[in-house]
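**Q** Quick one, what's the 3D model for this:
(2 chains)
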Amino acid sequence: MITVSAPPPPPPPQPQPPAGHAAAPEPARGRRWPTVVTSLVLLALLMFAQSFRFPNDSAVTEPMVASGDASAAVDAGSFTVKVDEVRFAKAIGDGAEDSGLSDFAPETEYIEANGVWVVVFMEVTATEKQLTTFESRLDSGDENVYASTSWLYNTFGSVDDGFPPGIPIKGAAAFEVPEKALKDPVVQMTISSGPGQRLAGEAHVKLGLSGDELKKAIDGAEETLDVPAPEMQKV
Amino acid sequence: MSVLAVAVAVTGLWAAGGFEASKSTDFRDVAPGKLVRNSLLELKLHEAAFTQDPDTGAHTLQIRADIKTRFNEPVPVSNIGGMIDPRFGRKDLAATSMSMVFTRQPDRSVFELQPEVNEEAVLTWQLKDEDPDAKPKSAEEVFSDEDFLEPDDVSEQVAQVDQVKVTVTGASYDAGFTDQTKRWWGDTNTRGIVYLPIEE
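**A** The predicted model follows:
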């Protein structure tokens, strides 16, 4: 059987390009430039945001720093700290407990500073859980950072500390610093549970001592200073 | 005329020993009490002596030194031990695990050196009856040793030694093996060699 197929219908007439054919892409390009600009801006923002990426694993778990000054308690998350007093001394020793037995306590052995002792008295309260390891340093304000002394028993951080949550503890940390290095000291502390400082809180407290005031404090350093043992406070 | 001047100059140089073969290690030798420095430390080693711990009877090497770090943070003494290497030139006497006290507080151990503070210190090493170049013992070897808590009796070796060669190495501030926290390490460069006579 032969079927004669009908010839295909002629293609529909192409719509005639408008008269201004050569100028046609112009409006299209005109509509595209905001997209291009937006893309470039977003790309730039993306690259900028990349720079905020944590550089390495240990940086992710490093202590987060809460800064403040001695006028109010500084909240470092896992603990709060309030600097009560800063005293300067030429020699420090472990103060004996003031009790009926203190007459029988061995005489306090004072340690002279190579420089001056900066003794920072503070009140520390753990907020969530028992914290055990207190570490502190003193940024002298003159580029150098000094470790707290481990020569006394009574200072925070020298023997096993315990910071039960919710109970304020008054105590002190002592730093041996050359007088001329002191410019605008900031005490830095981390309190963690167990070894290492992963995810610990860190507080930086500006002591607010500089210039003439600081010089007067250093010149007026006490001859000897008894550092008392840490003491729990009534809540 | 100028030829004569050159000849005289060369002869003068020869007469002064200018053409002797140089020994590259000579300049590393440092006299006792003279400054040795690397990128962390400024160190002057003054004198050495053998002593015995009054409690344990362990033999120790003690060196009196002026020491100062040039870093802006406290540096643990344990990081410095690897930069100061005392040797006695024998295979049966080694000095290990350095500890430190300051002469102003001889009864209190020092665990950290404060930045840029000059201190006079006594560095103390335990003396062991072992090859200083031997590999560290495995745990089994250490614990199979019946009296591993007893200090080695090195009195015989100590009696024969009258000098210690202390090599001070370079220092670098790098991350270690376990994590990216940086600390100070000794390196393989020699910054100074100090020969100290050992006082009886």
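**Q** wait, what's in contact with A:V120?
**A** Applying C-beta atoms under 8 Å, 6 or more residues apart in numbering or on different chains, one finds that A:V120 lies in contact with A:V83, A:E85, A:V86, A:S136, A:L138, A:A172, A:A173, A:A174, A:F175, A:V187, A:L207. Just so you know, the C-beta spots here come from the backbone N, C-alpha and C atoms, and that holds for glycine as well.
**Q** One more: A:H204?
**A** Counting by C-beta under 8 Å, 6+ apart, A:H204 makes contact with A:V65, A:A66, A:S67, A:G68, A:V74, A:D139, A:V186, A:V187, A:Q188.
**Q** I'd like the next helix or strand past the longest helix along chain B.
**A** What stands out as the longest helix in chain B, according to DSSP state H, is helix B:2-15. Following helix B:2-15 in sequence order, the next helix or strand is strand B:29-30 (DSSP states H and E).
**Q** That following strand pairs with which strands, parallel or anti?
**A** Take DSSP bridges as the rule and strand B:29-30 pairs in its sheet with strand B:182-199 (parallel).
**Q** Let me know the average pLDDT across the strand it pairs with.
**A** If you average the pLDDT over strand B:182-199, you get 91.
**Q** next one: it to chain centre, how far?
**A** On the basis of C-alpha atoms, centre = their mean, to the nearest Å, strand B:182-199 sits 4 Å off its chain's mean C-alpha point.
**Q** and what of stretch B:172-182?
**A** So, by C-alpha atoms, centre = their mean, the centroid of stretch B:172-182 is 23 Å from its chain's centroid.
**Q** Tally up the residues packed near the residue of chain B found nearest chain A, please.
**A** Chain A sits closest to B:P74 of chain B, with a gap of 3.7 Å, by C-beta to the nearest C-beta. By the measure other C-beta atoms under 10 Å in any protein chain shown, the count of residues near B:P74 is 18.
**Q** ok, it touching B:E116?
**A** No: with contact defined as C-beta atoms under 8 Å, B:P74 does not count as touching B:E116 (11.0 Å).
**Q** circling back: redo the contacts of A:H204 as a markdown table? Include distance to A:D219, secondary structure and pLDDT.
**A** Listed next are those as a markdown table, based on distance: C-beta to C-beta, whole Å; DSSP: H, G, I helix; E, B strand; the rest coil; pLDDT from 0 to 100:
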| residue | distance to A:D219 | secondary structure | pLDDT |
| --- | --- | --- | --- |
| A:V65 | 32 | strand | 88 |
| A:A66 | 32 | strand | 89 |
| A:S67 | 29 | strand | 89 |
| A:G68 | 28 | strand | 90 |
| A:V74 | 29 | strand | 93 |
| A:D139 | 22 | strand | 95 |
| A:V186 | 21 | strand | 95 |
| A:V187 | 21 | strand | 96 |
| A:Q188 | 25 | strand | 95 |
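**Q** so where's the chain uncertain?
**A** You didn't pick a chain, so chain A it is. Residues of chain A meeting the criterion pLDDT under 70: A:1-30, A:53-59, A:97-105, A:160.
**Q** oops, I was thinking of chain B
**A** Using pLDDT under 70, chain B drops low at B:20-27, B:142, B:145-149, B:179, B:200.
**Q** just the helices in it please.
**A** Applying DSSP H to chain B gives helices spanning B:2-15, B:77-80, B:139-144, B:155-160.
**Q** just to revisit the earlier point, pull the CA atoms of the longest helix of chain B into CSV?
**A** Extracted C-alpha coordinates of helix B:2-15, given in CSV (Å, rounded to 0.1, in the frame of the first residue of the first chain):
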residue,chain,number,x,y,z
SER,B,2,104.2,47.4,44.3
VAL,B,3,105.3,43.8,43.7
LEU,B,4,107.7,44.2,46.6
ALA,B,5,104.8,45.5,48.8
VAL,B,6,102.6,42.5,47.9
ALA,B,7,105.5,40.1,48.6
VAL,B,8,106.1,41.7,52.0
ALA,B,9,102.4,41.6,52.8
VAL,B,10,102.2,37.9,51.8
THR,B,11,105.3,37.1,53.8
GLY,B,12,103.8,38.9,56.8
LEU,B,13,100.6,36.9,56.5
TRP,B,14,102.5,33.7,56.3
ALA,B,15,104.6,34.6,59.3
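**Q** Need the residues that contact it.
**A** B:F19.
**Q** do stretch B:97-105 as well
**A** Outside stretch B:97-105, the residues that reach it (C-beta under 8 Å, 6+ apart) are A:111-112, A:114, A:151, B:64, B:77, B:80-81, B:84, B:107-110, B:119-126.
**Q** so who does residue 132 touch?
**A** Since you didn't name a chain, this refers to chain A. A:D160, A:D161, A:G162, A:F163, A:S192, A:S193, A:G194.
**Q** Chain B was what I was after
**A** Taking C-beta under 8 Å, 6+ apart as the test, what B:P132 contacts is B:R87, B:F88, B:K91, B:L93, B:A94, B:A95.
**Q** ok, now how distant is the closest residue in space to B:P151 that isn't next to it in sequence from B:R64?
**A** In space, and not counting its chain neighbours, B:P151 is closest to B:A58: 3.4 Å by C-beta to C-beta, 6 or more residues apart in numbering or on different chains. Here B:A58 is placed at a distance of 19 Å from B:R64 (C-beta to C-beta, to the nearest Å).
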